[in-house]
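Trainee: what's the 3D shape of this:
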Amino acid sequence: MPHDANALPGAWSYLGDDQEQRRKLEAELVTECGSDKHPMFGQRVEAVARCGTCDDVLLKLVDQPGWAIVHLTWRRETNPSWPSCEVMESWSSVLEEMIDRGH
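Mentor: Next comes the predicted model:
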C-alpha cells in the first residue's frame, strides 16, 4: 500500500473494502465532471477516503502517479471549476492538504 490509511487526519475515513461506497463516489465524480476542461474529466480514479464533515473525497489517480481531493457537489456541473479539486503528487502532500483544510 503506497499510503498509510491510519495517518488520515480528523474526520477523514478510509473506505477500505467498502466497494459499494467507493463505486458510488467514483460514479458521482463522472456525473459531476460535465466539462472536458475539468482536470478530472476522463480520469480513471479509485476512491480511497471520505471526509465526514463535508463532501470531500480522496481519490487515487489510476493512470498516473498522484492523488486528488475533490469536493463533490452532488449535481451535474457545466462550469469546469466545479467540482473543485486539488491534485497532488505525493502522499505527504495529501496529508498536508487535509490538515490545511482543517479536517
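
Trainee: Now do the longest helix along the chain: distance to the chain's middle.
Mentor: If you go by DSSP state H, the chain has its longest helix at helix 19-32. A distance of 10 Å separates the centroid of the chain from that of helix 19-32, by CA atoms, centre = their mean, to the nearest Å.

Trainee: Could I get the buried residue list for that helix?
Mentor: Of the residues in helix 19-32, 22, 25-26, 28-29, 32 count as buried by neighbour count, 16 or more other CB atoms under 10 Å. The way it works is simple: take the backbone N, C-alpha and C, and place the C-beta from them, glycine included.

Trainee: same deal with stretch 62-75?
Mentor: Along stretch 62-75, these residues count as buried under the neighbour rule (16+ other CB under 10 Å): 66-72.

Trainee: Now the two most distant members of those residues.
Mentor: The largest separation in those, counting by CB to CB, is between 66 and 72 at 18.6 Å.
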